[in-house]
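S.K.: Sequence first, then the predicted structure:
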Amino acid sequence: MAVTDFKIKYDNSILGYLWSLLKPLLMFGTLYLVFSVFVRWEVENYRLYLLLGIVLWNFLSEVTLNSMVLLEGKALILKKIYFPRWIIVIASSLTSLLTLLLNIGVFFLFFVFSGAHFQTRGLYLLVYLAELYVLVLGLALLLCSVFPKFRDIHHIWEVFVQLGFWATPIVYPISIVPVKYQRFIFLNPVARIIQGCRDALIGPSSEFLNLTNHIIIISVAACLFVVGLAMFNKLSRSFAEVL
């Protein structure tokens, strides 16, 4: 189902699958021009730093925003056929995961051509991606379950995603934030994941490659997933009536 959705997503498009690569690259190009030429952050391998942050945040944005309109697109099927509704959310998230993996592939092309060297700690990336997927899936289930009865949540979440992008150190280095405020930024587990991925692949810091960081992320991700699934299962009984 995920592969089929991925094909349908770019059906009748001239550039087809390339759009899944072009969108983050266009965003990257614009932000890189502004922050490397005009602002000039002093960040080692800023291209990689910025691109990795954009790719990971876009995954969260795509999965969560898409999750809220999923059921409307499947309303006819939901009313005629009974099956576990959460399958739709998981299939959609796996479609976005395919896009994420393609974009990670592009990131590694930049990685190679920038002269960076892959180290053993780069394998932490796989752990962080798994944690990110569980966390985002939990959010998607929660938002999807609420949307049919509270449509405004889509607009609210769009604003939240935009604010979150700038509140998370994606385009700027965490070092420009006063130390006393950094702890508030890292209350966001996604910020921890992004910094952890950067530490794993780009370095030079290894601050987030520790067990404590993983325990915090896994705890939040597990709670979100359990709450999201429970809420989804409870409210899914009335989906056919309100769609």
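M.R.: Yep, that arrived.

S.K.: Select the longest helix from this structure.
M.R.: Longest helix in the chain by number of residues (criterion: DSSP state H): helix 86-113.

S.K.: Okay, buried residues for the helix or strand harbouring Leu229 please.
M.R.: Taking DSSP states H and E as the criterion, Leu229 maps to helix 211-235. By neighbour count on 16 or more other C-beta atoms under 10 Å, the buried set for helix 211-235 is 213-214, 217-218, 220-221, 224-225, 228-229, 231-232, 235. C-betas here are computed from N, CA, C, even on glycine.

S.K.: neighbouring contacts of that helix?
M.R.: 85-86, 89, 127-128, 131, 134-135, 137-142, 144-146, 148-149, 189, 192-193, 196 (C-beta atoms under 8 Å, 6 or more residues apart in numbering).

S.K.: Which helix or strand contains the spatially most central residue of the chain?
M.R.: Taking C-alpha atoms, centre = their mean, the centroid of the chain lies closest to Leu60, which sits 2.3 Å from it. Under the criterion of DSSP H and E, Leu60 resides in helix 46-67.

S.K.: What's the mean pLDDT across that helix?
M.R.: Across helix 46-67, the average pLDDT comes to 95.

S.K.: other SSEs contacting the helix or strand following that helix?
M.R.: Next along the chain after helix 46-67, taking DSSP H and E as the criterion, comes helix 70-73. Applying 3 or more C-beta pairs under 8 Å, 6 or more residues apart in numbering; DSSP states H and E, we find helix 70-73 packed against helix 86-113.
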